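Q: got a predicted structure plus its sequence, pasted below:
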Amino acid sequence: MTAPQDPDSPAQSRKHGIRVFRHRDFRFFWGTRVLGFLAIEMMITTVGWQVWRITESELNLGFVGLAQFAPFAALFLVSGLVADRVPRMFIIRTAVAVQTICAIGLFSFTLSGGSDFTLILLLLVLFGISRAFQGPAQQAIVPNLVPREDLPNAIAWSASGFQMARVIGPTIA
């Protein structure tokens with residue numbers, strides 16, 4: 001007869017740590033979230049490089065960062081409220097659609113050889129607004145994807161995937 005395993009043992013913790021990936025919806029959510037953030041980080045790095053190439057101005061690089069951060073700062077209360085009152089999948093889909101349009105706009109701008117810094121800033125502000133609404137909706141949807149006992153691991157994996165993308169994305173770009 002074997003003794004029951006301690007649920008806090010390292011072997012059991014590893015099993016519980018990846019157990020969250022048994023849930024198909026969470027696997028899909030996590031994979032698309034990581035890939036999406038990876039693409040965003042690559043794009044942000046590339047835009048910074050492009051702005052430097054066009055303007056050679058440290059101040060304009062600061063404006064690139066501000067254009068992305070300001071919408072978060074201005075809308076964090078509103079976007080959380082919206083995530084609680086509007087279907088979260090609608091918010092996420094709309095945000096991703098807006099981000100895709102902005103990315104296509106930036107890509108087209110690059111292909112055309114554009115040099116209008118104001119257009120880049122406008123697209124980045126729109127991109128930042130969509131991200132300000134996407135974040136709370138994505139965070140709030142996680143409890144709907146896994147059972148309650150797997151929620152702490154799902155939250156940890158979501159945060160880890162985001163951080164991983166933040167490190168790897170600029171490296172790839």
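A: Structure received.
Q: contacts only, for residue 48.
A: Taking CB atoms under 8 Å, 6 or more residues apart in numbering as the contact definition, residue 48 lies against 61, 64. In this view, the C-beta of every residue, glycine as well, is placed from N, C-alpha and C.
Q: next, the buried residues of the one helix or strand it maps to.
A: In this structure, residue 48 sits in helix 24-55 according to DSSP states H and E. Of all the residues in helix 24-55, those buried under the rule 16 or more other CB atoms under 10 Å are 26, 29-30, 33-34, 36-44, 46-48, 50-51, 55.
Q: how distant is it from the center of its chain?
A: Relative to its parent chain, helix 24-55 has a centroid offset of 7 Å by CA atoms, centre = their mean, to the nearest Å.
Q: what does stretch 61-75 rub up against?
A: Under CB under 8 Å, 6+ apart, the answer for stretch 61-75 is 44, 47-48, 51-52, 120-121, 124-125, 127-129, 131-133, 135.
Q: now residue 135, nearest residue through space, not along the chain?
A: residue 79 (7.1 Å; CB to CB, 6 or more residues apart in numbering).
Q: what about the one you found, how many residues close to it?
A: Residue neighbour count, defined by other CB atoms under 10 Å, stands at 22 for residue 79.
Q: for it, which residues are in contact?
A: 132, 133, 135, 136, 137.
Q: same question for residue 96.
A: 36, 130, 134.
Q: again with residue 131
A: 40, 68, 71, 72, 95, 99.
Q: just the buried residues out of those, in PyMOL syntax.
A: In PyMOL, a selection of the buried entries from the contacts of residue 131 looks like this (16+ other CB under 10 Å):
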select buried, resi 40+68+71+95+99
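Q: for the contacts of residue 131, which one is nearest residue 151?
A: residue 95 (23.0 Å; CB to CB).
Q: which helix or which strand is home to that closest one?
A: Going by DSSP H and E, residue 95 is part of helix 88-111.
Q: farthest pair within the contacts of stretch 61-75?
A: Largest pairwise distance in the contacts of stretch 61-75, by CB to CB, is 28.9 Å, between 52 and 133.
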